[in-house]
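Visitor: okay, sequence plus prediction incoming.
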Amino acid sequence: MKKSKTRIFVNKTISSNLLIYIKNKQHHFLKNVLRIKVNDEINVFDSITGEWKSIVIAINRDNTVLRIGSIIDKIKPSSDIWLIFAPIKQHRMSIAIQKATELGVAKIIPCITEFTNIRKINTKNLNDNAIEAAEQCGRLDVPKIENQIELDTILSNWPKDRKLIYCNERIDTNQSIIDKLSPYKNSINKWAVLIGPEGGFSNHENKLLSENNDVLSVSLGEKLLRSDTAITVSLFIIQQLLV
């Protein structure tokens, strides 16, 4: 029996002795890329209970069958951070989802703004990116990917117990994001980050954001960062400073 260096996500609640049938891309990966054998160990996690040991008991044409053993690590709550962003080109969006997952985001919300260029996205692909990133980075859960929604709708239904950090390229860069957020350390535990499109936000959207008391406008510095870079920088700072 080969000890597991592989972990995969399963979209069902795991329990001891459960049989799980791995299909499609994950089955192809286990069978044809990793070339697993019967009796090999695979670690599995489910976003609900935690991470478990399992044993490969059969490798079929269309599925790999696992028998669940003992639990390795019980689920822990992820940081309660949402990422809201205007979709970008597919390759860079995949990177953004990967980094957001690695940095512990609980929910990812693609939003439509007035200057959003990409208005149709494949939510399944984004979810696959998040799953792959969670499998590789050691997370015990996968962030929830919401369907694309208008920014106006998001703001009009904003929860009052959550602060929204708005990365604003228009504001004075003298006060850093760290200076702006430091006073909130240990006082708020529900956060969200908003990253706009490459063309920025419209005057109407900036007005909505500036008038919302739950929004904090911050600068990420003098340089104009690409969306995927801005996502990584802002989430890293929030994780280090506020969580």
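Guide: Perfect, thanks for sending it.

Visitor: which strand in this protein has the most residues?
Guide: In the chain, ranked by residue count with DSSP state E as the criterion, the top strand is strand 63-74.

Visitor: tell me the mean pLDDT over that one?
Guide: Confidence for strand 63-74, expressed as mean pLDDT, is 97.

Visitor: other SSEs contacting it?
Guide: On a contact count with 3 or more Cβ pairs under 8 Å, 6 or more residues apart in numbering; DSSP states H and E, strand 63-74 meets strand 19-23, helix 24-28, strand 41-45, strand 50-59. Every residue, glycine included, has its C-beta placed from N, CA and C.

Visitor: who does the helix or strand immediately after that strand in the chain touch, helix- and strand-wise?
Guide: Downstream of strand 63-74, the next assigned helix or strand under DSSP states H and E is strand 81-85. For strand 81-85, the packing partners by 3+ Cβ pairs under 8 Å, 6+ apart come out as strand 107-112, strand 191-195, helix 227-241.

Visitor: can you redo those as a markdown table with distance to Ser54?
Guide: Below are the helices and strands packed on strand 81-85 laid out as a markdown table (distance: least, Cβ to Cβ, whole Å):
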| stretch | distance to Ser54 |
| --- | --- |
| strand 107-112 | 28 |
| strand 191-195 | 35 |
| helix 227-241 | 31 |
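
Visitor: from those, which stretch is densest packed?
Guide: Of all the helices and strands packed on strand 81-85, strand 191-195 has the most neighbours on average by mean count of other Cβ atoms under 10 Å, namely a mean of 25.

Visitor: strand 191-195 and the helix or strand just after that strand, what's the angle between them?
Guide: Using DSSP H and E, the next helix or strand after strand 191-195 towards the C-terminus is helix 203-210. Taking axes from the mean of the first three to the mean of the last three Cα atoms, to 10 degrees, one finds that helix 203-210 is oriented at 160 degrees with respect to strand 191-195.

Visitor: low-confidence ranges, the chain, go.
Guide: 1-4, 170-175, 243 (pLDDT under 70).

Visitor: now with 50?
Guide: Regions of the chain meeting the criterion pLDDT under 50 are absent.

Visitor: how is it carved up into domains?
Guide: Following automatic domain parsing, one finds the domains of the chain at 7-74, 81-241.

Visitor: distance between the ends of the first one?
Guide: Here the two ends of domain 7-74 are set 15 Å apart, with distance taken as Cα to Cα, to the nearest Å.

Visitor: check the last one too.
Guide: Start to finish, the residues bounding domain 81-241 are 13 Å apart (Cα to Cα).

Visitor: and stretch 213-228, by the same measure?
Guide: End-to-end span of stretch 213-228 (Cα to Cα): 27 Å.

Visitor: in it, what's buried?
Guide: Residues of stretch 213-228 classed as buried: 215-220, 225, 227-228 (neighbour count, 16 or more other Cβ atoms under 10 Å).

Visitor: closest one of those residues to His27?
Guide: The closest of the buried residues of stretch 213-228 to His27 turns out to be Asp228 (Cβ to Cβ; 30.2 Å).

Visitor: got the contact list for that closest one?
Guide: Asp228 makes contact with 88, 92-93, 95-96, 99 under the criterion Cβ atoms under 8 Å, 6 or more residues apart in numbering.

Visitor: could you do Ser217 as well?
Guide: Taking Cβ under 8 Å, 6+ apart as the test, what Ser217 contacts is 166, 168, 171, 209-210.

Visitor: now rank these by neighbours and give me the top one.
Guide: Counting neighbours by other Cβ atoms under 10 Å, Tyr166 leads the contacts of Ser217 with 22 neighbours.

Visitor: quick one, phi psi at that one?
Guide: Note on Tyr166: backbone dihedrals following degrees, to the nearest 10 are phi -100, psi 110.

Visitor: that one and Leu151, how far apart?
Guide: Computed with Cβ to Cβ, to the nearest Å, the distance linking Tyr166 and Leu151 is 11 Å.
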